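Chemist: My questions concern the predicted model and sequence given below.
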Amino acid sequence: MNSTTSLRAKKLNLRNEPSADQTDPAQQLEPDFTLVQLDTTFVTLLSEISALESPHVHDREPRDAEQVCSDEASRTQKVEAILARLAPIERAIMAAPAQTIVGLGIKARHAAYVVSEYWDVPIEHMEWDARAVRLLIDAICNVAGVRLPFSHGA
């Protein structure tokens with residue numbers, strides 16, 4: 001191999017050796033390991049809230065108004081308890097710096113949760129600043145491969 005071919009081979013990485021900037025996926029997440037852990041807890045707590053807020057399809061028995069009020073009060077207490085556990089997780093996500101696209105995606109997912117009302121209306125009916133934030137969050141989540149913390153139909 002002459003020097004020109006050797007340089008091209010190195011540039012194109014024809015020998016299938018990882019280049020200096022290619023690292024193992026586990027190593028890529030290492031700088032944002034704390035954010036990944038926080039995100040796991042964040043998503044779990046959101047799932048718990050979602051489960052409590054979904055209508056109870058299995059309730060086939062007729063219930064009186066007093067029982068319905070009691071069930072609703074109990075559900076509200078449970079949601080409030082989860083929200084109390086969620087608050088420090090949210091603060092930690094906001095405080096932790098993102099070092100990778102994964103970390104940035106986690107922060108974007110949290111931002112989407114905070115401004116979730118931006119997904120309640122069609123984008124063409126939004127104010128310019130809200131539209132800019134929504135499009136930025138959508139783009140970051142898309143590039144990072146991170147789902148929004150809710151399903152949206154707008």
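Modeler: The structure has been received and is ready for your questions.
Chemist: Show the contacting residues for the closest residue to residue 118 other than its chain neighbours.
Modeler: Closest residue to residue 118 apart from its sequence neighbours, by CB to CB, 6 or more residues apart in numbering: residue 134 at 4.4 Å. Every C-beta, even on glycine, is put in place using the N, C-alpha and C of the backbone. Applying CB atoms under 8 Å, 6 or more residues apart in numbering, we find residue 134 in contact with 115, 118-119, 123, 126.
Chemist: Distance-wise, check residue 124 relative to residue 134.
Modeler: 11 Å (CB to CB, to the nearest Å).
Chemist: Pull out the buried residues from the biggest helix by length in the chain.
Modeler: Ranked by residue count and defined by DSSP state H, the top helix of the chain is helix 65-95. Buried residues in helix 65-95, counted by 16 or more other CB atoms under 10 Å: 82, 86, 89-90, 92-93.
Chemist: which one among the residues you listed gets closest to residue 48?
Modeler: Nearest to residue 48 among these: residue 82, at 5.2 Å, using CB to CB.
Chemist: so that closest one touches residue 51, yeah?
Modeler: No - in this structure residue 82 lies outside contact range of residue 51 using CB atoms under 8 Å: 9.8 Å.
Chemist: hey, where'd the helices end up in this structure?
Modeler: With DSSP H as the criterion, the chain has helices at 3-12, 25-29, 33-53, 65-95, 101-114, 128-144.
Chemist: what pLDDT, on average, does the second one get?
Modeler: In this model, helix 25-29 carries a mean pLDDT of 59.
Chemist: Same check on the fifth one?
Modeler: In this model, helix 101-114 has an average pLDDT of 97.
Chemist: Packing partners of it?
Modeler: For helix 101-114, the packing partners by 3 or more CB pairs under 8 Å, 6 or more residues apart in numbering; DSSP states H and E come out as helix 33-53, helix 65-95, helix 128-144.
Chemist: Right, I'll leave it there.
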